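>>> Show me the folded form of this:
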Amino acid sequence: MRVHRNRHDRAFVVVPNAAARHDRLSLAAVGLLVRLLSLPDGTPATIERIAEQVEEGKTAVAKAFKALEAAGYLRRQRTQDPETGLWSTQSHVSDLPMGHIPAVGEPEHRNVGDLPGGGKDQGKNLLPAAAPEPDAPKEQEEASTAEDQAAPADAETGQAASLLARLGEHDRRLALGTADVLRLAPLAAEWLVDGHTPAKVRAVLTARLPEQVDAPAALLSYRLTHHRPAKPAPKAAPVDTRARCQQCDAPFPAGVVHSLCKTCALEAGRDEAGPDVAAGLLATIRQRRASNTFAKGARPGARFLPAAA
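Below you'll find the model as predicted:
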């Protein structure tokens, strides 16, 4: 037999020879182990769900699960929710036999897959570390500095959290849990504070996604940190090109050009006509007095009866 192996850059699983050539595991159990190891972390993998995806029946799949559990490659962990009191089962699968995970309760630590000392993978955690709780300021200067470096406003943070929570509706590969949404919301809020629209943030986070996303929170954290575009230039205020009244500076309708508005033109007309009207009335009064049209001392405009014979 000649074996042809290819180099894979993505979408592959590594299985040690000890598991692939296990003497006491059936071919169905080995195949189930390979299938479980190829699934992303957190994928539901029950007997019923696996049986729907393969040709083997539910009995054969359940038998393979029991064989993996007996060989140490599979462990089932029972936990109880302290708030609801409901019990749930969490399955753990490993490419090496494991025996350190307790039957009930949370595991203290995970040794499977870790390197000695853990130093090499220390820098691979792309999620931002939780911010330490700030100590009470000792001086007024420290308090003012903390206010100057305040986090984004609650409005932007809430809007960013809503945007991140809905990414799974846009692309199911970017579905996030509540804890990841709350952890990444401050990073996305900084984009909104800079002036980027939610549509712009969503476009950057969802562009050119890989075929398979195993850690959506880590991917989004990296993009929010390293793919942040420059602040958009502020929009210039629109220039008002309408003509204005030379007297009160009131704007005319678009396309209308005059020197004075109606109000100012009316007032200007009254001011110009005032002296001429007064001079005309005075000349009329003098003319009537000279012709004895009305008695001297009578009010102008009064009507008089002729004198009796």
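>>> gap between the residue nearest the centre of the chain and residue 166?
Most central in the chain under Cα atoms, centre = their mean is residue 160, positioned 2.9 Å from the mean C-alpha point. Note on residue 160: its distance to residue 166, by Cβ to Cβ, to the nearest Å, is 11 Å. Backbone N, C-alpha and C define where each C-beta goes, glycine included.
>>> For this protein, which segments count as helices?
Taking DSSP state H, the helices of the chain run over residues 17-20, 27-38, 47-53, 58-71, 140-148, 154-165, 167-170, 178-194, 198-206, 216-226, 262-290.
>>> quick one: contacts of the first one?
What that stands for is helix 17-20. With Cβ atoms under 8 Å, 6 or more residues apart in numbering as the test, helix 17-20 has contacts from 25, 30, 33, 34, 73, 95, 96.
>>> from those, which is closest to residue 16?
Proximity of these to residue 16 (Cβ to Cβ) peaks at residue 95, which lies at 5.6 Å.
>>> unless I'm mixing things up, that closest one is touching residue 22, no?
No - counting by Cβ atoms under 8 Å, residue 22 is not a contact partner of residue 95; they are 11.4 Å apart.
>>> For this structure, which helix or strand comes out least confident on mean pLDDT?
Every helix and strand of the chain was ranked by mean pLDDT, DSSP states H and E. The lowest is helix 140-148, at a mean of 49.
>>> Could you count how many residues lie near residue 154?
Using other Cβ atoms under 10 Å, residue 154 has 9 other residues around it.
>>> Contacts only, for it.
Residue 154 touches nothing, counting by Cβ under 8 Å, 6+ apart.
>>> Could you report the pLDDT at residue 205?
pLDDT recorded at residue 205 is 90.
>>> how close does the residue nearest to the centre of the chain sit to residue 172?
In terms of Cβ to Cβ, residue 160 sits 20 Å off from residue 172.
>>> what do you get for residue 90?
If you go by Cβ to Cβ, the gap between residue 90 and residue 172 works out to 22 Å.
>>> and the gap between the closest residue to residue 86 other than its chain neighbours and residue 87?
Once flanking residues are discounted, residue 86 sits nearest to residue 80: 7.1 Å by Cβ to Cβ, 6 or more residues apart in numbering. Distance, residue 80 to residue 87, by Cβ to Cβ: 5 Å.
>>> for residue 231, same thing?
Counting by Cβ to Cβ - residue 231 and residue 87 are separated by 51 Å.
>>> Check residue 48 too.
Per Cβ to Cβ, residue 48 is found 18 Å from residue 87.
>>> what's the answer for residue 18, then?
Taking Cβ to Cβ, one finds residue 18 at 34 Å from residue 87.
>>> To what extent is the nearest residue to residue 60 once chain neighbours are set aside buried, counted in neighbours?
Counting by Cβ to Cβ, 6+ apart, residue 28 is the residue found nearest to residue 60 once chain neighbours are left out, at 5.9 Å. Residue 28 has 15 neighbouring residues, counting by other Cβ under 10 Å.
>>> just the one 4 residues further on next, same as before
Here the neighbour count serves as a burial measure; for residue 32 (other Cβ under 10 Å) it reads 26.
>>> what sits against the residue nearest to it when sequence neighbours are not counted?
In this structure, residue 32 finds its nearest non-sequential neighbour in residue 64, 4.3 Å apart by Cβ to Cβ, 6+ apart. By Cβ under 8 Å, 6+ apart, the contact list for residue 64 reads 26, 28, 29, 31, 32, 56.
>>> 7 Å instead?
26, 28, 29, 32 (Cβ atoms under 7 Å, 6 or more residues apart in numbering).
>>> can you put those residues in JSON lines and add pLDDT?
Compiled in JSON lines, these are given as follows (pLDDT from 0 to 100):
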{"residue": "26", "pLDDT": "92"}
{"residue": "28", "pLDDT": "91"}
{"residue": "29", "pLDDT": "91"}
{"residue": "32", "pLDDT": "91"}
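>>> ok, so what distance separates residue 178 from residue 165?
Taking Cβ to Cβ, one finds residue 178 at 8 Å from residue 165.
>>> which of these two has more neighbours?
Using other Cβ under 10 Å, the more surrounded residue of residue 178 and residue 165 is residue 165, with 17 against 9.
>>> where does that one sit relative to residue 13, distance-wise?
31 Å.
>>> Repeat that for residue 41.
Applying Cβ to Cβ to residue 41 and residue 13 gives a distance of 13 Å.
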